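Enquirer: here are the coordinates; sequence isn't available:
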Ligand SMILES: Nc1ncnc2c1ncn2[C@@H]1O[C@H](COP(=O)(O)OP(=O)(O)OP(=O)(O)O)[C@@H](O)[C@H]1O
């Protein structure tokens, strides 16, 4: 019997941390076009002019935050060499800050010392803006405020006031620029035209990474994270190919490389191989499925299970009415009453949004009507492992 004692293996990794989210590389690879545009948009700062307000958008994990930190670091460094240029940058993540009010408070508290912070409630909105502009006026020089995940702010009064503070004379001496970052591609469209025109003076769109760019990102981390020659040929290429196919998200590709290394270490392997990558991918896909349907009602999970059964039998893509038969059998087995076709369709739509299934619309013209056919968009084995975890061992049967 194992004693479950802990011993460092000292194998595989040199610095595992270099694959974690928090690790910031010194150089940013694979983003030349985006960095060139972003750099140009920031140029007025170093000229001593009023900064442009910049809007950065693109899907999750495409380097928006990393590029912002990278360029602002360089900008701060280079600004110190310029006489008379006093630059301050403030980064706020708006995740969890649902309103303009809360965001304004967060900026104030970032600017004030710890003894002088204000609370999230109790002040009229107008006073909070007054405090904010006071702080910014006192700071002087040039100030850049980065609002990451800016789409979380549900009402746009701050997004209107802040970029216009100088033209409205709310701020007199300080040169203020706002950088909004968002991965919600509809956010910009939904902004009122007056907010859009001031917040989005300059825009930089970040595209999804292709396989070549992901290779560059992964190789840069390999050099730091892994011991020499631990990765077998093809491992980076495979992680990059999966990453580009899935979503072009560097975070996911890095997670895949990390998980592959973990599996190699768990199994006492000397090298990380393509097989480890494939196993890691399946593990991560299962985790993603579990995360997606974990808080689903039991019926949502049974609908997915029914579709999985059809997929295994080679009977997918399938219409709702075809999914209904195995679904009802499962309901009987679980002792619960089936839900309506309409409710099944709603679950199928949600499963599609989660990337677990996909559908095609079939249009039979006037007489045949329109309907959708559904199929799994993830490997059967990952879906089954996910369902097994949630519904018990029979789900794998
Ligand atoms: N070009 C790159 N070179 C090196 N590492 C990168 C690069 N792009 C992204 N990364 C890494 O990938 C992860 C995700 O990147 P980042 O947070 O910048 O994405 P994002 O576009 O801001 O995504 P989100 O909208 O989800 O916040 C980070 O760990 C980051 O360091």
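Expert: Perfect, I can see it now. Bear in mind that the values here come from a model prediction, so they are computed numbers and not experimental data. Numbers count the residues shown, from 1 in each chain.

Enquirer: does residue 285 lie in a helix or a strand, and which?
Expert: Residue 285 belongs to helix 274-293 when assigned by DSSP states H and E.

Enquirer: give me the buried positions along that helix.
Expert: Of the residues in helix 274-293, 275-277, 279-290, 292-293 count as buried by neighbour count, 16 or more other C-beta atoms under 10 Å. Backbone N, C-alpha and C define where each C-beta goes, glycine included.

Enquirer: quick one: distance of that helix to the chain centre.
Expert: 17 Å (C-alpha atoms, centre = their mean, to the nearest Å).

Enquirer: which elements pack onto that helix?
Expert: helix 235-246, helix 250-266, helix 298-312, helix 380-391 (3 or more C-beta pairs under 8 Å, 6 or more residues apart in numbering; DSSP states H and E).

Enquirer: could you redo the last one with a cut-off of 10 Å?
Expert: Under the contact criterion of 3 or more C-beta pairs under 10 Å, 6 or more residues apart in numbering; DSSP states H and E, helix 274-293 touches helix 235-246, helix 250-266, helix 298-312, helix 341-353, helix 380-391.

Enquirer: other residues contacting the fourth one?
Expert: By C-beta atoms under 10 Å, 6 or more residues apart in numbering, the list of residues contacting helix 341-353 from outside reads 289, 292-293, 296-297, 299-304, 306-307, 318-321, 323-324, 327, 338-340, 356-359, 371-372, 374, 376-378, 383.

Enquirer: and after it, which helix or strand comes next?
Expert: Downstream of helix 341-353, the next assigned helix or strand under DSSP H and E is strand 357-363.

Enquirer: summarise which helices and strands that following strand is packed against.
Expert: helix 298-312, helix 341-353, strand 370-376.

Enquirer: report the buried residues of that strand.
Expert: For strand 357-363, burial by neighbour count (16+ other C-beta under 10 Å) applies to 357, 359.

Enquirer: tell me the mean pLDDT for the following helix or strand past it?
Expert: Remark: after strand 357-363, the chain's next helix or strand is helix 365-368, criterion DSSP H and E. Computed over helix 365-368, the mean pLDDT rounds to 73.

Enquirer: for the helices and strands packed on strand 357-363, which one ends up most surrounded?
Expert: Greatest average neighbour count among the helices and strands packed on strand 357-363 goes to helix 298-312 (a mean of 22), per mean count of other C-beta atoms under 10 Å.

Enquirer: what's residue 283 in contact with, if anything?
Expert: Per C-beta under 10 Å, 6+ apart, neighbours of residue 283: 256, 259, 260, 262, 263, 382, 385.

Enquirer: returning to that earlier point: got the angle for the helix holding residue 285 vs strand 370-376?
Expert: Calculated by axes from the mean of the first three to the mean of the last three C-alpha atoms, to 10 degrees, helix 274-293 forms an angle of 130 degrees with strand 370-376.

Enquirer: could you check the angle helix 380-391 makes with helix 274-293?
Expert: 40 degrees.

Enquirer: can you measure across stretch 137-150, start residue to end residue?
Expert: 23 Å (C-alpha to C-alpha, to the nearest Å).

Enquirer: quick one: the residue nearest to residue 185 when sequence neighbours are not counted from residue 150, how far?
Expert: Excluding the flanking residues, the one nearest residue 185 by C-beta to C-beta, 6 or more residues apart in numbering is residue 57, at 6.6 Å. Counting by C-beta to C-beta, to the nearest Å, the gap from residue 57 to residue 150 is 10 Å.
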